[in-house]
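Chemist: pasting the sequence and the predicted coordinates here, then a few questions.
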Amino acid sequence: MHSEEIQIRTGRDEAVVDLTDEVAAFLRQHADEDGLLHAWVPHATAGLAVIETGAGSDRDLLTALRSLLPADDRWTHRHGSPGHGRDHVLPAVLAPSMSVPVLAGRPAWGTWQSLCLVDTNVDNPVRTVRLSFLPG
């Protein structure tokens, strides 16, 4: 298995960050290989999603998460910015890991699919993502 950590700057706003370029760069070392790409976010307040980006779906996802997990005082977990407790529930809704088949060194996702880091925690502006390749 080959594994590397990458750092992603999400800033101080809720973010959906497309990881397509980072995944492609990581998989260049495995050109023409088949296997499995595994992505892991080692954080208690972030998750991963496979969605279309660039046409507004990323903003729609954040809107849906705000509706499902409002940033208000209903949460028992209360340290950090207001509503931070919802950030700790996020990984139960959007898993912190994802696996994608790799064929000939390329992720086998659909035409409009992208692997994205989803971060609603405005208290942590930098996130780590571990990418691993398991040859098949």
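Modeler: Sure thing, it's come through.
Chemist: what's the average pLDDT for the longest strand anywhere in the chain?
Modeler: As assigned by DSSP state E, the longest strand anywhere in the chain is strand 126-135. Mean pLDDT, strand 126-135: 98.
Chemist: check the offset of that strand from the chain's centre.
Modeler: Strand 126-135 has its C-alpha centroid displaced from the chain centroid by 10 Å (C-alpha atoms, centre = their mean, to the nearest Å).
Chemist: just checking, what packs against that strand?
Modeler: For strand 126-135, the elements it packs on are strand 2-9, helix 20-27, strand 35-40, strand 114-119, judged by 3 or more C-beta pairs under 8 Å, 6 or more residues apart in numbering; DSSP states H and E. For glycine as for every other residue, the C-beta is placed from the backbone atoms N, C-alpha and C.
Chemist: how much space between the spatially closest residue to Val122 that is not a sequence neighbour and Ala31?
Modeler: Spatial nearest neighbour of Val122, excluding adjacent residues (C-beta to C-beta, 6 or more residues apart in numbering): Arg12 at 5.2 Å. From Arg12 across to Ala31, the span is 37 Å (C-beta to C-beta, to the nearest Å).
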